[in-house]
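Undergrad: Coordinates for the following, if possible.
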Amino acid sequence: EQAKASPVTGERSWDDLGREHVATKVDYPMNPPVGGDHNQVWMNCNADVYTAEIPKENAVHSLEHGAVWVTYNDKAPEADVKALTDKVKSTPYTFISPVKDQKEPLMLSAWGKQV
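TA: Numbers count the residues shown, from 1 in each chain. You can find the predicted model right below:
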């Protein structure tokens, strides 16, 4: 008997996200953003580790192309940040950075999805 895939606890989804390239700041309805209008330049997202905050408009462009953005704030346990950083370093199409004003200590974001 095959196990049924169950939804990930705490996963949230958004539909109908804009995809326009803009040269201005975007006021996203979620933080970190999971989609919407974004900068025409994407962030490097091939196992890239950023230790300072990055522009959200550039990160969203990476999500549009299929990347997963791992984010953390200063409430995240250091051991968890290190473990996730090590995982990102060996996982294509991922990147990690701090987002100090996010609600949860650790978050994973992909286009239209977040947990």
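Undergrad: Quick check: nearest residue in space to Glu64, chain neighbours excluded?
TA: If the residues on either side of it in the chain are set aside, Glu64 comes closest to Trp111, at 5.8 Å by Cβ to Cβ, 6 or more residues apart in numbering. The C-beta positions use only the backbone N, C-alpha and C, and glycine is treated the same way.
Undergrad: what about the helices in the protein?
TA: 56-64, 78-89 (DSSP state H).
Undergrad: before we move on, back to that, ok, the residue nearest to Glu64 - contacts?
TA: With contacts defined as Cβ atoms under 8 Å, 6 or more residues apart in numbering, the neighbours of Trp111 are 17, 34-35, 63-64, 66.
Undergrad: Also Asp101?
TA: Here Asp101 is in contact with 31, 73 (criterion: Cβ under 8 Å, 6+ apart).
Undergrad: Please repeat the previous calculation with a cut-off of 7 Å.
TA: Listed by Cβ atoms under 7 Å, 6 or more residues apart in numbering, the contact partners of Asp101 are Asn31.
Undergrad: Need the residue closest to the centroid of this structure.
TA: The structure's the chain has its C-alpha centroid closest to Trp69; by Cα atoms, centre = their mean the separation is 2.7 Å.
Undergrad: Enumerate the positions of stretch 18-28 that are buried.
TA: Applying a neighbour-count criterion of 16 or more other Cβ atoms under 10 Å, one finds 26, 28 buried in stretch 18-28.
Undergrad: The spatially closest residue to Lys56 that is not a sequence neighbour: neighbour count?
TA: Distances taken as Cβ to Cβ, 6+ apart place Pro33 nearest to Lys56, at 5.4 Å, with adjacent residues excluded. Residues lying near Pro33 (other Cβ atoms under 10 Å) number 23.
Undergrad: from memory Pro33 sits against Val60, does it?
TA: Yes - with contact defined as Cβ atoms under 7 Å, Pro33 and Val60 form a contacting pair (5.2 Å).
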